[in-house]
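[1] when you get a sec, could you give me coordinates for this:
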Amino acid sequence: AIWYAREGTPVTQSQVGYTSRFAAELATQPGFADAYMKEGRVPQAGTLQRFPALAATLERLARHGLDDFYRGDLAHALASDLERLGSPVRREDLQRQVASVVTPLAATLSVGTAFNLPPPTQGLASLLTLAIFDRLRGSTRADTYEHVHGLVEATKQAFLVRNRHICDPDAMRVNPADFLTEAKLEECTRAIDANRARPWPEPAINGDTVWMGAADRNGCMVSYIQSVYWEFGSGVVLADTGVTWQNRGSSFSLDPASHLALVPGRKPFHTLNPALARLADGRTMVYGNMGGDGQPQSQAAVFTRYAMFNQDLQQAVTAPRWLLGRTWGEMSVSLKLESRFAPALVAALRQAGHDVEVVEEFSDIVGHAGALVTNPNGVIAGAADPRSDGVVAAY
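    Purely as a prediction, here's the structure:
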């Protein structure tokens with residue numbers, strides 16, 4: 001990371017697209033143009049982009065330890081930059097930041113056990129989607145009406161729970177694990193009509209995220225996700241450190257009666273939910289994707305295809321996907337389907353009442369997915385999304 005920040009990393013076509021799309025909005029944000037544009041213009045794909053201040057920051061963290069970001073001289077530099085820009089964040093706020101080691105939520109499925117992170121993440125929504133669909137699927141096959149309609153309707157039930165309850169765990173009035181009990185899952189399953197779409201929408205969540213998975217020869221596996229929230233976070237790039245500042249605080253509500261109310265010291269709801277599953281036959285799977293509301297939906301598409309319908313891992317990632325709800329900067333709340341789905345499936349979904357919109361064959365709006373699977377014999381399989389710049393790499 002230090003070397004790439006100092007010597008340069010090639011600008012990707014994806015970066016060109018998003019920079020072009022948001023340049024007018026973000027060009028006046030402090031530090032944005034200096035960091036992400038070249039002489040006021042969007043850089044061309046393949047050109048090298050260097051981040052010398054960020055390289056120095058990473059070198060300092062390597063020498064002094066990661067705690068320097070919150071409690072050392074680096075924290076002082078960050079706080080000074082933020083104060084100069086008018087941010088209310090101070091050094092004392094950084095000093096109070098502590099990472100948490102948490103117990104994951106777990107959902108028992110017919111094919112094994114799925115795990116995800118507890119609040120303030122939307123991990124519960126991802127698990128609910130899988131657990132509800134597992135009770136619906138019967139003998140259906142992948143990418144049929146029953147598969148897509150079932151997952152979309154399971155997603156709606158999961159999002160209803162998420163939107164009404166998930167927030168800072170210290171402020172929650174319910175136990176998220178209670179929603180994964182047999183009684184609650186059956187209640188959600190009964191609320192789904194196999195022949196009719198539930199009226200929608202609920203509020204949508206945006207995001208800009210990257211998922212990574214890692215596995216070693218000893219069977220240790222990591223599912224990891226990171227985000228600055230919107231496409232370039234706040235768009236603010238701190239001059240002294242080169243750090244792009246996120247804007248997760250926009251997930252708070254200014255309504256004091258809301259469960260997402262802006263309160264000092266409270267954590268915002270966020271969409272990051274790296275997934276892991278232990279399958280009944282001994283395989284372990286880590287998987288995830290970027291895309292705000294699309295994260296639980298693409299996770300469910302990939303997992304069900306691979307673990308429930310026995311598709312090849314790469315096929316499960318490459319196959320056409322969908323997104324229920326809004327996408328970045330758009331107001332459309334339709335069910336968006338990639339055009340590779342069979343016309344008969346599209347027609348059946350419309351007949352059931354889904355507001356279907358057909359998008360391009362390989363669309364960014366469904367997110368960028370990835371997965372790794374460690375088999376009982378030690379063989380590791382990986383899949384990267386052709387919609388993205390991601391890869392599977394072995395070393």
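
[2] how much space separates the residue nearest the centre of the chain from Glu231?
    By CA atoms, centre = their mean, the chain has its centre lying nearest to Met290, at 3.7 Å. Separation of Met290 from Glu231 (CB to CB, to the nearest Å): 11 Å. Quick note: C-beta positions are derived from backbone N, CA and C, even for glycine.

[3] repeat that for Leu136.
    Leu136 is 35 Å from Glu231, by CB to CB.

[4] ditto for Phe133
    Going from Phe133 to Glu231 by CB to CB gives 30 Å.

[5] same check, this time on Ser250
    Counting by CB to CB, the gap from Ser250 to Glu231 is 13 Å.

[6] now do Ser14
    Counting by CB to CB - Ser14 and Glu231 are separated by 10 Å.

[7] the two: who's more crowded?
    Using other CB atoms under 10 Å, the more surrounded residue of Ser14 and Glu231 is Glu231, with 19 against 14.

[8] the more buried one and Phe22 touch, don't they?
    Yes - between Glu231 and Phe22 there is a contact at 5.6 Å, judged by CB atoms under 8 Å.

[9] so for stretch 376-394, what gets flagged as buried?
    By 16 or more other CB atoms under 10 Å, the buried positions in stretch 376-394 come out as Ile380, Ala381, Gly382, Ala383, Ala384, Asp385, Arg387, Ser388, Gly390.

[10] closest to Tyr18 among the residues you listed?
    Ser388 (12.3 Å; CB to CB).

[11] if we can go back for a sec, looking at the buried residues of stretch 376-394, which one is closest to Val302?
    Ala383 (8.1 Å).

[12] quick one, phi psi at the closest one?
    Note on Ala383: backbone dihedrals following degrees, to the nearest 10 are phi -140, psi 140.

[13] whichever strand or helix holds Val210: partners in the sheet, and parallel or antiparallel?
    Per DSSP states H and E, Val210 falls inside strand 208-215. Partner strands for strand 208-215, per DSSP bridges, with pairing direction: strand 221-229 (antiparallel).

[14] per-domain residue ranges of this structure.
    2-95, 105-205+270-384 (automatic domain parsing).

[15] closest to Tyr395 out of these?
    Closest of those to Tyr395 is domain 105-205+270-384, at 11.8 Å (criterion: CB to CB).

[16] now the terminal residues of that closest one, how far apart.
    Distance between the two ends of domain 105-205+270-384: 26 Å, counting by CA to CA, to the nearest Å.

[17] what do you get for stretch 272-285?
    17 Å.

[18] mind listing what's buried in it?
    Residues of stretch 272-285 classed as buried by neighbour count (16+ other CB under 10 Å): Leu272, Asn273, Pro274, Ala275, Leu276, Ala277, Leu279, Arg283, Thr284, Met285.

[19] repeat that for stretch 129-140.
    Those would be Thr129, Leu130, Ala131, Ile132, Phe133, Asp134, Arg135, Leu136, Arg137, Thr140, for stretch 129-140 by 16+ other CB under 10 Å.

[20] quick one: the helices in the chain?
    Along the chain, counting by DSSP state H, helices occupy 2-7, 13-26, 32-36, 52-64, 68-71, 73-84, 91-95, 123-136, 145-165, 182-190, 294-303, 313-318, 343-351.

[21] dump the fifth one to PDB, keeping only the CA atoms.
    Written as PDB, here are the backbone C-alpha positions of helix 68-71 (Å, rounded to 0.1, in the frame of the first residue of the first chain):
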ATOM      1  CA  ASP A  68      -1.200   6.600  16.300                       C
ATOM      2  CA  PHE A  69      -4.200   7.200  14.100                       C
ATOM      3  CA  TYR A  70      -6.400   7.800  17.100                       C
ATOM      4  CA  ARG A  71      -4.100   8.700  20.000                       C
END
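
[22] quick one: buried residues of it?
    Asp68, Phe69, Tyr70.

[23] now do the third one
    Applying a neighbour-count criterion of 16+ other CB under 10 Å, the buried positions in helix 32-36 are Phe32, Ala33, Ala35, Tyr36.

[24] count of neighbours near the residue nearest to the second one when sequence neighbours are not counted?
    Nearest residue to Ala33 in three dimensions, chain neighbours excluded: Ala27, at 5.1 Å (CB to CB, 6 or more residues apart in numbering). The number of residues packed near Ala27 is 15, by other CB under 10 Å.

[25] right, and Ala27 touches Tyr36 too?
    No - counting by CB under 8 Å, Tyr36 is not a contact partner of Ala27; they are 9.2 Å apart.

[26] extract the C-alpha set from the lowest-mean-pLDDT helix or strand in the chain and format it as PDB.
    Across the helices and strands of the chain, mean pLDDT, DSSP states H and E gives its lowest value to strand 208-215, namely a mean of 86. Extracted C-alpha coordinates of strand 208-215, given in PDB (Å, rounded to 0.1, in the frame of the first residue of the first chain):
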ATOM      1  CA  ASP A 208     -19.400   3.000  -1.800                       C
ATOM      2  CA  THR A 209     -17.600  -0.100  -0.600                       C
ATOM      3  CA  VAL A 210     -15.000  -2.800  -1.200                       C
ATOM      4  CA  TRP A 211     -15.200  -6.400  -0.100                       C
ATOM      5  CA  MET A 212     -12.100  -8.600   0.300                       C
ATOM      6  CA  GLY A 213     -11.700 -12.200   1.300                       C
ATOM      7  CA  ALA A 214      -8.600 -14.100   2.300                       C
ATOM      8  CA  ALA A 215      -7.700 -17.700   3.100                       C
END
